[in-house]
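Trainee: Below are the sequence and a predicted model; questions follow.
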Amino acid sequence: MKLKQAISGATAACALACLATTAHAQTAGSFYVTTGWFHLAPQSSSDPLKETNVGGTPVNITIPNTGAKISTADTVGFTAGYFITDHIATQFDIGVPPTFDIDGTGRFGQFGKLGEAKQWSPALLLKYYFLAPQSKFRPYIGIGVSRVWFTGEKITNGAFEQGVLHGPTTVTTDSSWVPVFNAGFTYAFTEHWFAGFSISYLPISTTAKLNTAAQTPVGTLNVQSETKIRLNPIVTLVSVGYRF
């Protein structure tokens, strides 16, 4: 009888120890990192292209039935997070900047791809985890902020550049702070290893400014034009992570 009680007591102690260890991986003070695959699906639209300055003279000429849309993109992403409490965590997300194709719409649709740009959008999130800390499956919701900017913006379609813009053109875009709305879940395989899935929405818009050295019968004129492009991507992330 004493041997059975000893074995039973040892088993119970072992179970409690395992539970405590598992809980420790998702409780206040624990740190985690993940890597995975971001898929960005813009819900894009744009305003018509508008000329704002011709040869140094301000103008306001809108070219009707013109626009652009943004392609989907994929990239590798990384996150790092910290549990402030058993249910609240803060997380930093960053990905290798994906390259988006910019395609013409309306009258510009006949040209197909007009240009491309890389998007940078590191984000800081505050997330609330549901269920008990020792649960293998833990859904969460989150909200945060992202700093968005673009690099490598350029026109890549020579026919569009010469036939519509009438000369070599450079492109610049503005940067902005945008909110991030996030939800997802994690599933723990072991005390340390887990997988995750999340979906986020970022209401991103940017103004693309074009500066063209237009070739005209009277010589080269500097023509400035712009369009507001709304990306509004839905971003999904499938990841594998490790908790310390």
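Mentor: Everything's here; your move.
Trainee: Go through the protein and flag its longest strand.
Mentor: Longest strand in the chain by number of residues, with DSSP state E as the criterion: strand 137-155.
Trainee: Just checking the distance from the helix or strand following that strand to the centre of its chain.
Mentor: Counting by DSSP states H and E, the next helix or strand C-terminal to strand 137-155 is helix 158-163. Put simply, helix 158-163 sits 31 Å off its chain's centre (CA atoms, centre = their mean, to the nearest Å).
Trainee: circling back: send me the longest strand of the chain as PDB with only the CA atoms.
Mentor: Output of strand 137-155 as PDB, limited to C-alpha atoms (Å, rounded to 0.1, in the frame of the first residue of the first chain):
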ATOM      1  CA  PHE A 137      -4.900  26.500 -28.100                       C
ATOM      2  CA  ARG A 138      -5.100  30.300 -27.400                       C
ATOM      3  CA  PRO A 139      -7.000  32.700 -29.600                       C
ATOM      4  CA  TYR A 140      -6.300  36.400 -29.300                       C
ATOM      5  CA  ILE A 141      -7.200  39.800 -30.600                       C
ATOM      6  CA  GLY A 142      -4.900  42.800 -31.000                       C
ATOM      7  CA  ILE A 143      -4.500  46.400 -32.000                       C
ATOM      8  CA  GLY A 144      -1.400  48.400 -32.800                       C
ATOM      9  CA  VAL A 145       0.300  50.900 -35.000                       C
ATOM     10  CA  SER A 146       2.600  50.600 -38.000                       C
ATOM     11  CA  ARG A 147       5.000  53.000 -39.700                       C
ATOM     12  CA  VAL A 148       4.600  52.600 -43.500                       C
ATOM     13  CA  TRP A 149       6.900  53.900 -46.100                       C
ATOM     14  CA  PHE A 150       8.000  52.900 -49.600                       C
ATOM     15  CA  THR A 151      11.400  52.600 -51.400                       C
ATOM     16  CA  GLY A 152      12.500  51.700 -54.900                       C
ATOM     17  CA  GLU A 153       9.400  53.400 -56.400                       C
ATOM     18  CA  LYS A 154       9.800  53.600 -60.200                       C
ATOM     19  CA  ILE A 155       8.000  53.500 -63.500                       C
END
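Trainee: residue contacts, Ile141?
Mentor: Residues counted as contacts of Ile141 (CB atoms under 8 Å, 6 or more residues apart in numbering) are 127-128, 182-183. (Each C-beta comes from the backbone N, C-alpha and C, glycine too.)
Trainee: Lovely, talk soon.
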